[in-house]
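Engineer: give me coordinates for this.
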Amino acid sequence: MTNRLQNKGILFLLVILLSNGVFAQIDTIRINKAYFKKYWTDSKAIVTSPVRWQQHDWITFGVLVSGTGGLMFADQSVANFAQEQRSEKLDQFSANFLEPFDLEYSMILMGGIFAHGIIAKNEKSVSTALLAFESYVLAGLITRIPKNLLGRERPDNWRGDGPFVFNGLFHGNSFPSGHATASFAIASVIANQYRDHKWVPVVAYSVASLTAISRVYDNKHWLSDVVAGAAIGTLVGNLVSHRSSNSKLTFIPFGNSNYQGVKLSYIW
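Structural biologist: You can find the predicted model right below:
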């Protein structure tokens with residue numbers, strides 16, 4: 001039963017991650033009035049999106065909720081397994097390389113991409129850094145809502161409570177994982193912007209995945225916390241990458257092994 005739930009959760013996450021292939025690359029973002037307005041329009045698009053959902057969107061949402069809920073039944077066994085793998089070297093790697101990706105390394109990465117864009121006059125680098133920062137901010141704000149409302153206990157709480165303890169408003173902050181949300185929010189933008197270089201999405205999502213896994217390894221989050229965070233970060237990153245404030249009319253290439261085409265999108 002546990003293995004089936006884990007497999008379903010992994011399959012769901014792969015579907016979410018692979019969805020970034022339908023988004024167009026953007027190289028027209030600048031620090032101007034339109035950029036800051038984009039924060040508002042993208043936030044509004046996220047909040048009001050259920051009003052425009054079609055049947056397949058509600059099915060996807062249902063898979064998200066049921067998949068995350070199903071993983072909760074595997075949370076305790078996964079947490080126990082992770083703690084059995086602890087070692088001094090892995091602890092140091094997690095603390096020094098993966099833990100700082102929530103803020104320090106993320107800021108350095110986005111700042112480095114932005115600096116490269118300015119120095120090299122590379123419009124895509126500038127746009128990527130600004131999109132990644134917006135994705136980081138919006139995904140972080142969205143994550144605070146379920147964190148504060150549900151109040152889920154972390155696995156390292158002093159009482160040793162299990163994964164099904166939800167204390168309500170402002171009495172816990174485990175679900176979803178902020179580290180996973182932030183790392184995938186940035187990774188999805190970078191992967192989308194540089195998907196022409198096949199190694200970039202692989203590296204971006206690999207680092208994000210390791211960051212998410214480290215939260216389970218460090219006993220700071222349950223498996224379902226990081227899966228939910230990864231899904232939120234990826235979805236927000238893809239939406240931010242998709243919506244360009246500089247143009248309301250957008251051509252979006254899409255396709256699969258059977259056909260290729262172009263979507264025409266109008267942003268209001």
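
Engineer: how about V200, what does it touch?
Structural biologist: The contact partners of V200, by CB atoms under 8 Å, 6 or more residues apart in numbering, come to I190, A191, Y194. Backbone N, C-alpha and C define where each C-beta goes, glycine included.

Engineer: buried ones among those?
Structural biologist: Using 16 or more other CB atoms under 10 Å as the burial test, those include I190, A191, Y194 as buried.

Engineer: what about the contacts of V200, which are in helices?
Structural biologist: In helices, defined here by DSSP state H, the members of the contacts of V200 are I190, A191.

Engineer: tell me the one of the contacts of V200 nearest A120?
Structural biologist: Y194 (14.5 Å; CB to CB).

Engineer: now do the contacts for that closest one.
Structural biologist: Remark: with contacts taken as CB under 8 Å, 6+ apart, Y194 is in contact with K124, T128, V200, P201.

Engineer: repeat that for 6 Å
Structural biologist: V200 (CB atoms under 6 Å, 6 or more residues apart in numbering).

Engineer: quick check: it vs V203, distance?
Structural biologist: 10 Å (CB to CB, to the nearest Å).

Engineer: quick one: low-confidence residue ranges for the stretch 101-250 of the chain.
Structural biologist: Within the stretch 101-250 of the chain, the stretches with pLDDT under 70 are 243-250.

Engineer: tell me where it has helices.
Structural biologist: 104-120, 123-150, 178-193, 199-217, 223-242 (DSSP state H, counting those that start in this stretch).

Engineer: now the fourth one, how far from the chain's geometric center?
Structural biologist: The gap between the average C-alpha position of helix 199-217 and the chain average comes to 11 Å, counting by CA atoms, centre = their mean, to the nearest Å.

Engineer: only alpha carbons, please: show it as PDB.
Structural biologist: Only the C-alpha atoms of helix 199-217 are listed here, as PDB (Å, rounded to 0.1, in the frame of the first residue of the first chain):
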ATOM      1  CA  TRP A 199      21.500  20.000 -19.300                       C
ATOM      2  CA  VAL A 200      20.000  23.200 -17.700                       C
ATOM      3  CA  PRO A 201      16.500  21.800 -16.800                       C
ATOM      4  CA  VAL A 202      18.200  18.600 -15.600                       C
ATOM      5  CA  VAL A 203      20.600  20.500 -13.300                       C
ATOM      6  CA  ALA A 204      17.900  22.900 -12.100                       C
ATOM      7  CA  TYR A 205      15.400  20.300 -11.100                       C
ATOM      8  CA  SER A 206      18.100  18.000  -9.700                       C
ATOM      9  CA  VAL A 207      19.300  20.700  -7.300                       C
ATOM     10  CA  ALA A 208      15.700  21.600  -6.400                       C
ATOM     11  CA  SER A 209      14.900  17.900  -5.800                       C
ATOM     12  CA  LEU A 210      17.900  17.400  -3.600                       C
ATOM     13  CA  THR A 211      17.000  20.500  -1.600                       C
ATOM     14  CA  ALA A 212      13.500  19.200  -1.100                       C
ATOM     15  CA  ILE A 213      14.800  15.700  -0.100                       C
ATOM     16  CA  SER A 214      17.200  17.300   2.400                       C
ATOM     17  CA  ARG A 215      14.200  18.600   4.300                       C
ATOM     18  CA  VAL A 216      13.000  15.100   4.900                       C
ATOM     19  CA  TYR A 217      16.500  13.900   5.600                       C
END
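
Engineer: now do the longest helix that the chain contains against helix 223-242, angle only.
Structural biologist: Assignment by DSSP H gives helix 55-84 as the longest helix of the chain. Note on geometry: by axes from the mean of the first three to the mean of the last three CA atoms, to 10 degrees, helix 55-84 and helix 223-242 are set 130 degrees apart in direction.

Engineer: list the buried residues in helix 55-84.
Structural biologist: Here helix 55-84 shows 60, 64, 67-68, 70-72, 74-76, 78-79, 82 as buried, counting by 16+ other CB under 10 Å.
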